[in-house]
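>>> Output the structure for:
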Amino acid sequence: MAYLTKESIKKTKAMERNNKQYTILLVDDEERNLRALVGLLEDDYNLLTATDGEEALDLVKIASEQIHLIISDQRMPNMTGVEFLKQTMPFIPETVRIILTGFTDVNVIIDSINEGHVYKFMIKPFEPKDMQVTIKRALEAYQLEVWNHQLIKELRRLNAELEQKVERRTEAIQNFYHFISHELRTPITVIQQYLRFLQQGAKCELPSGDQMKHLQIVEKSADRVFKLVNQILNLAKIESQNAIPSPQSLKINPLIRISVEQLSSLFTPEVTVLTDLTESEPSVQAVLEDVETVLENLISNAAKYTKSGSVQIKSQEVDDGIKISVEDTGVGIDTDQIDQVFNQFSRVGDLRMAQGTGLGLYITKVLTERMGGQIGVTSKKDEGSTFWVWLPST
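This is a model prediction of the structure:
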């Protein structure tokens, strides 16, 4: 019979694993009992054997990761089965344990359960069929315990990640509301103040020079409030919308030209705005309102961070779709902030230049992906950024 002893365990470690899933340690001071168990189990399991508790404990220390089940006799010289099993707990706590004995001692049964963490107490002599069934059920219990530990570990990991996300989300929302309260109050206060100035001014058919200046400030502040509220409403609309609008076939180049023309006033005189569009007139499968919002957000974002140099808007036919890119020579983005660009409420780069809500690019990403498209960015600090959107062709 081929079974492993303490002396052969090291050789076993070096051997290629066979297709037997479980390893069982058999401990009994009577050789004939070991032989009987080996003959019963060797076809289905990897087996280790020992003739006393000390020898078995050495095996556990050497091959702790390989042992799934221990079957130990209770009455052995120097160390009882319960004492041996108790000492294995620090090394292989998940291993299933079975005690064999020829005596029905109630105290031993109690000790085996309380101290040895024994799965089952079996009386010798046992029926081979009963032993096989018991081992099968014991290993099922072992596997279930392993899966439970893995599940608990995974649940703890997911819970920790969720807590971190909730903390980040909560912090982002708190920052957002603080920012919004400031961003709304400032232009509204300006509007109220300059309206009072106008009310206090001399009556005239045409506004005076000062009054015209005041009206321009009021108009600029009102535009700022309008854009801010519009972004918040867009976000609310996206997050509360149950039905996604149906896409249609749209010519993309005319939409780009219209957006560039409408937003040209956002750029300083030091910025050259260029377009490089496909010679053909490609169509995309998209939602008109969403495409307009995407183009507006990308172009206005380039205007915000580019005070000199150039901004180039391109369209290219790529991979059964159209890639729209907005390339600027602005302030660029730090490498460690790239991953945050499309996050909700995120504002990266030079915050002194960023007066937005941190929603524009997030909304752009959501709308693009909702149309079956993709979005990305490449950027280098102080050298500019290229934001791109890919939409499927019709």
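>>> Could you find the closest non-adjacent residue to residue 119?
Spatial nearest neighbour of residue 119, excluding adjacent residues (C-beta to C-beta, 6 or more residues apart in numbering): residue 96 at 4.7 Å. No exception for glycine: its C-beta is placed from N, CA and C like everyone else's.
>>> Please apply the same query to residue 393.
residue 321 (5.2 Å).
>>> do residue 245 as well
Closest to residue 245 by C-beta to C-beta, 6+ apart is residue 287, at 4.6 Å.
>>> Contact partners for the closest residue to residue 88 other than its chain neighbours?
Excluding its sequence neighbours, the residue lying closest to residue 88 (C-beta to C-beta, 6+ apart) is residue 60, at 5.1 Å. Residues near residue 60 by C-beta atoms under 8 Å, 6 or more residues apart in numbering: 25, 67, 88, 91-92.
>>> what about burial for those, which qualify?
25, 67, 88, 92 (16 or more other C-beta atoms under 10 Å).
>>> what sits against the third one?
Listed by C-beta under 8 Å, 6+ apart, the contact set of residue 88 reads 57, 60, 70, 95, 97.
>>> can you put the residues you listed in TSV and add secondary structure, distance to residue 196 and pLDDT?
Below are those laid out as TSV (DSSP: H, G, I helix; E, B strand; the rest coil; distance: C-beta to C-beta, whole Å; pLDDT from 0 to 100):
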residue	secondary structure	distance to residue 196	pLDDT
57	helix	90	92
60	helix	86	90
70	strand	88	94
95	coil	82	90
97	strand	86	92
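>>> ok, and the most crowded of those residues?
Highest neighbour count within these: residue 70, with 28 neighbours (other C-beta atoms under 10 Å).
>>> in this protein, which spans are helices?
Assigned by DSSP state H, the helices in the chain fall at 9-14, 31-41, 53-62, 81-88, 106-114, 128-200, 209-240, 252-263, 288-305, 360-370.
>>> which of those is buried the deepest?
helix 81-88 (a mean of 23; mean count of other C-beta atoms under 10 Å).
>>> what stretches of the stretch 151-300 of the chain score poorly on pLDDT?
Residues of the stretch 151-300 of the chain meeting the criterion pLDDT under 70: 172-186, 197-209, 224, 227-228, 231, 233-244.
>>> domain assignment for this protein?
Following automatic domain parsing, the chain resolves into domains at 6-126, 170-240, 248-392.
>>> Just send those domains back as TSV, with distance to residue 157 too.
Converted to TSV, these look like this (distance: least, C-beta to C-beta, whole Å):
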stretch	distance to residue 157
domain 6-126	19
domain 170-240	20
domain 248-392	21
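>>> Please identify which of these is closest to residue 134.
Residue 134 lies closest to domain 6-126 among the domains of the chain, at 5.9 Å (C-beta to C-beta).
>>> Report the distance from the closest one to the chain centre.
Offset of domain 6-126 from its chain centre (C-alpha atoms, centre = their mean, to the nearest Å): 43 Å.
>>> Pick out the most distant pair among the contacts of residue 60.
Going by C-beta to C-beta, the pair spanning the contacts of residue 60 furthest: 25 and 91, at 11.5 Å.
>>> Now do the contacts for the most centrally placed residue in the chain.
Centroid-nearest residue in the chain: residue 161, 7.7 Å away (criterion: C-alpha atoms, centre = their mean). The contact partners of residue 161, by C-beta under 8 Å, 6+ apart, come to none.
>>> got it, and residue 392?
284-285, 320-321, 371-373.
>>> Residue 130 now?
residue 122.
>>> Over to residue 71?
24-27, 37, 98, 100, 135.
>>> rewinding a little: just give the number of residues close to the residue nearest to residue 393.
Residue 321, neighbours per other C-beta under 10 Å, totals 20.
>>> same thing with the one 3 residues further on?
Under the neighbour criterion other C-beta under 10 Å, residue 324 is assigned a count of 27.
>>> Which strand residues bridge it?
Taking DSSP bridges as the rule, residue 324 bridges to residue 315, residue 389.
>>> so it sits right up against residue 317, yeah?
No: counting by C-beta atoms under 8 Å, residue 324 stays clear of residue 317, with 11.1 Å between them.
>>> give the contact list for the nearest residue to residue 254 once chain neighbours are set aside.
Distances taken as C-beta to C-beta, 6+ apart place residue 281 nearest to residue 254, at 7.8 Å, with adjacent residues excluded. Residue 281 makes contact with 251, 253-254, according to C-beta under 8 Å, 6+ apart.
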